[in-house]
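Visitor: build me a structure from this.
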Amino acid sequence: MDLLVTLVTGGIIGWVASLIMGTDAEMGLLANVFIGVLGSLLGTWLAATLGLPVGGAARWLFALLGAAVLIAIVRALGIFRPRRA
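Guide: Numbering: from 1, shown residues only. Reported below is the predicted structural model:
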């Protein structure tokens, strides 16, 4: 059950981060889940490393920020490209 919750939450965080970063049209469901889960881990790890409180609503904020940073890194590497019509 924990895996299912992690995947659904990661998908939501990845989707919201892709909307914020403007890559929603370039990412699919699997990319949203992947970015969301890894970005959540990155964001909460970075916040804990910096000594910031990582609980409650702050956890969601750090997860979203981590996913946005991960999207920026992946975009800089040229993995996400706009789709051509």
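
Visitor: mind checking pLDDT for the residue nearest to the spatial centre of the chain?
Guide: Closest residue to the average C-alpha location of the chain: A67 at 2.4 Å, with Cα atoms, centre = their mean. Turning to A67, the model gives it a pLDDT of 94.

Visitor: next one: F80
Guide: So, for F80, pLDDT stands at 68.

Visitor: now swap in L42 and tell me
Guide: If you check L42, the pLDDT there is 90.

Visitor: what of the one 4 residues further on?
Guide: According to the prediction, L46 has pLDDT 89.

Visitor: in what helix or strand does it lie?
Guide: helix 29-49 (DSSP states H and E).

Visitor: put the alpha carbons of that helix into CSV.
Guide: C-alpha atoms of helix 29-49 as CSV (Å, rounded to 0.1, in the frame of the first residue of the first chain):
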residue,chain,number,x,y,z
LEU,A,29,2.4,10.0,-16.8
LEU,A,30,5.5,7.9,-16.2
ALA,A,31,7.8,10.9,-16.4
ASN,A,32,5.6,12.8,-13.9
VAL,A,33,5.7,9.9,-11.4
PHE,A,34,9.5,9.5,-11.9
ILE,A,35,10.2,13.2,-11.5
GLY,A,36,7.8,13.5,-8.6
VAL,A,37,9.3,10.6,-6.6
LEU,A,38,12.9,11.5,-7.2
GLY,A,39,12.3,15.2,-6.8
SER,A,40,10.6,14.6,-3.5
LEU,A,41,13.5,12.6,-2.3
LEU,A,42,15.9,15.3,-3.5
GLY,A,43,13.9,18.2,-2.0
THR,A,44,13.4,16.6,1.4
TRP,A,45,17.0,15.4,1.6
LEU,A,46,18.3,18.8,0.7
ALA,A,47,16.0,20.5,3.3
ALA,A,48,17.1,18.1,6.0
THR,A,49,20.8,18.6,5.1
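
Visitor: much appreciated, bye for now.
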